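Peer 1: My questions concern the predicted model and sequence given below.
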Amino acid sequence: MTTPVIARTRAELAAARGTDTVAFVPTMGALHDGHVQLLKHARPLGETLVASIFVNPTQFAPGEDFEDYPRTFDADLERCAEAGVDVVFAPAVPTMYPSGMVDTVTVDPGPLGTILEGATRPTHFRGVLTVVAKLFGLVRPDVAVFGEKDYQQLTLIRQMARELALGVEVVGCPTVREADGLAMSSRNRYLTGDERETAVALSAALRAGVAAAADGPDAVLAAAHAVIDPADVDLDYLVLTDPELGPAVPGQDARLLVAARVGKPRLLDNTGLTLGGNQP
Ligand SMILES: Nc1ncnc2c1ncn2[C@@H]1O[C@H](COP(=O)(O)OP(=O)(O)OP(=O)(O)O)[C@@H](O)[C@H]1O
Ligand SMILES: CC(C)(CO)[C@@H](O)C(=O)[O-]
Ligand code: BAL
């Protein structure tokens, strides 16, 4: 087991990073087995493995859970050590935002940032992409690993790295689930016992959609909707797209994405599938 170096400042990070190739896993902490899987996936992808733990204020809108977001630094450090992390970058807010939260240059996520999550959280992806761009600038990774659980985020970060030529290879990692199918998420700890049982409907809906894939897009959506009881689950969206989040095409690979509030937390899940049906 390694003991990670903890870097709090930009100078400490630069010293700890060294000159070897770097694989990087950005997180907001409250680490669970999903994060550990990302770290294990990233471990062989660089000589040095850097994880960041930073609850980024600019991706939370006023009234969202920035203050309440779980912070479990000591336990996170143990999980990082077990997963072979060399450097944990855990900056304070002014280290990431030296001028305060008033950066005049930010990353515009473009049209993809306004749909799905972006329709409900209109400032979210600007905050995510801006902090990820800053983290890339500070950590200077060769490879960065993100979870498919946040599929729209992964898609946007890939697009940013490609279109802004950031020189970072963005790698996606499959969603890690609880035994009953619920996607692991730091916010699952907000669920009460009853809500935890209800929350399994999201992954069950995705499985029902996948089981109907051969019958085409309408059948997928009908099967998935049939699993969700609107009395318990406050559904935000349940949609079928192509893998780039454009319109789904019969006969081709697709993505089925769901977001819903179950009690306090807003939960996300998604899956890949191949649609039956005739191509137009
Ligand atoms: N169940 C999971 N499987 C795979 N990757 C995951 C999972 N949960 C989170 N990740 C990934 O971990 C990285 C850090 O995510 P973050 O720290 O926001 O955790 P989270 O569990 O998604 O938290 P939240 O509950 O706030 O959405 C992201 O790339 C995210 O997609
Ligand atoms: C990518 C990220 C670390 C940026 O704050 C965050 O959105 C997350 O943990 O998914
Ligand atoms: N993993 C998503 C981070 C957020 O909801 O702010």
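Peer 2: That came through fine. Ligands and ions are numbered 1, 2, ... in the order given.

Peer 1: what about whichever residue of the stretch 51-200 of the chain sits closest to ligand 2, neighbour count?
Peer 2: In the stretch 51-200 of the chain, the residue that lies nearest ligand 2 is residue 56 (3.9 Å; Cβ to the nearest ligand atom). For every residue, glycine as well, the C-beta is placed using N, CA and C. The local packing count at residue 56 equals 21, with neighbours defined by other Cβ atoms under 10 Å.

Peer 1: my guess is it meets residue 134, correct?
Peer 2: No. With contact taken as Cβ atoms under 8 Å, residue 56 and residue 134 are classed as non-touching, separated by 9.3 Å.

Peer 1: Can you check which residues contact both of those two?
Peer 2: Listed as contacting both residue 56 and residue 134 by Cβ atoms under 8 Å, 6 or more residues apart in numbering are residue 96.

Peer 1: Grab the nearest non-local neighbour of residue 244.
Peer 2: Setting aside the residues directly before and after it, residue 244 is nearest to residue 155 in space (Cβ to Cβ, 6 or more residues apart in numbering), at 6.6 Å.

Peer 1: who touches the helix or strand harbouring that neighbour?
Peer 2: Per DSSP states H and E: residue 155 is located in helix 151-163. Where contact means Cβ under 8 Å, 6+ apart, the residues beyond helix 151-163 that reach it are 107, 109-110, 112-113, 115-118, 125, 128-129, 132-133, 136, 144, 146-148, 166, 168-170, 172, 244-245, 255, 257, 268, 270.

Peer 1: Which positions in it come out as buried?
Peer 2: Residues of helix 151-163 classed as buried by neighbour count (16 or more other Cβ atoms under 10 Å): 151, 152, 153, 154, 155, 156, 157, 158, 159, 160, 161.

Peer 1: check contacts around the closest residue to residue 272 other than its chain neighbours.
Peer 2: Once flanking residues are discounted, residue 272 sits nearest to residue 255: 5.9 Å by Cβ to Cβ, 6+ apart. Under the criterion of Cβ under 8 Å, 6+ apart, the neighbours of residue 255 are 151, 240, 241, 242, 243, 245, 248, 270, 271, 272, 273.

Peer 1: Which among those count as buried?
Peer 2: With neighbours counted by 16+ other Cβ under 10 Å, the contacts of residue 255 contain buried members at 151, 240, 241, 245, 248, 270, 271, 273.
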